[in-house]
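K.L.:
Kindly return the folded structure for what I paste below:
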Amino acid sequence: MVATPKEGTQGSEKGRLGTVVQTSMSRSQVALLGLSLLLMLLLYVGLPGPPEQTSCLWGDPNVTVLAGLTPGNSPIFYREVLPLNQAHRVEVVLLHGKAFNSHTWEQLGTLQLLSQRGYRAVALDLPGFGNSAPSKEASTEAGRAALLERAL
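P.N.:
Alright, predicted model coming up:
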């Protein structure tokens, strides 16, 4: 980089009018920059993309998701999977938050994964969510506990 005074300036005017900055790159620097850009382009085009997602998100075709309603005054909708192998470990109950329902656990592949790993899993639609109707019983803590106890 070379800084030179602007043409036509006198000694006293140099400070007021400023300077012109000229940059110069040698041919080797330009060639190196061009080769670097070409290499980056070839790497971008030639390298493989991210690996495809496995079937965990899509579920296993060998897993059957059962659906039903619990008996009683305030039926609760549920989705259930049984273990693929005969010896199952423990039973898992999946609950959801305000923005989701039992179908979320199926969409994420959680029910299928638990079934593959030997668990019986039950995902409930809490009252007022998904396929479960709102319930007056669920308005109190004791009522919610009774609903869950009956569902289990």
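
K.L.:
and residue 49, what helix or strand is that in?
P.N.:
Assessed by DSSP states H and E, residue 49 sits outside every helix and strand.

K.L.:
what's the answer for residue 144, then?
P.N.:
Residue-wise, residue 144 maps onto helix 141-151 under DSSP H and E.

K.L.:
mind listing what's buried in that helix?
P.N.:
Neighbour counts over helix 141-151 (16 or more other Cβ atoms under 10 Å) mark 147, 148, 151 as buried. To be clear about C-beta, it is placed using only N, CA and C from the backbone, and glycine gets the same treatment.

K.L.:
For it, name the packing helices and strands.
P.N.:
Under the contact definition 3 or more Cβ pairs under 8 Å, 6 or more residues apart in numbering; DSSP states H and E, helix 141-151 sits against strand 120-124.

K.L.:
Only alpha carbons, please: show the strand it packs on as PDB.
P.N.:
Provided in PDB are the C-alpha atoms of strand 120-124 (Å, rounded to 0.1, in the frame of the first residue of the first chain):
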ATOM      1  CA  ARG A 120     -44.100 -51.100  26.700                       C
ATOM      2  CA  ALA A 121     -44.800 -47.400  26.300                       C
ATOM      3  CA  VAL A 122     -48.100 -45.500  26.700                       C
ATOM      4  CA  ALA A 123     -48.500 -41.900  25.500                       C
ATOM      5  CA  LEU A 124     -51.500 -40.100  27.000                       C
END
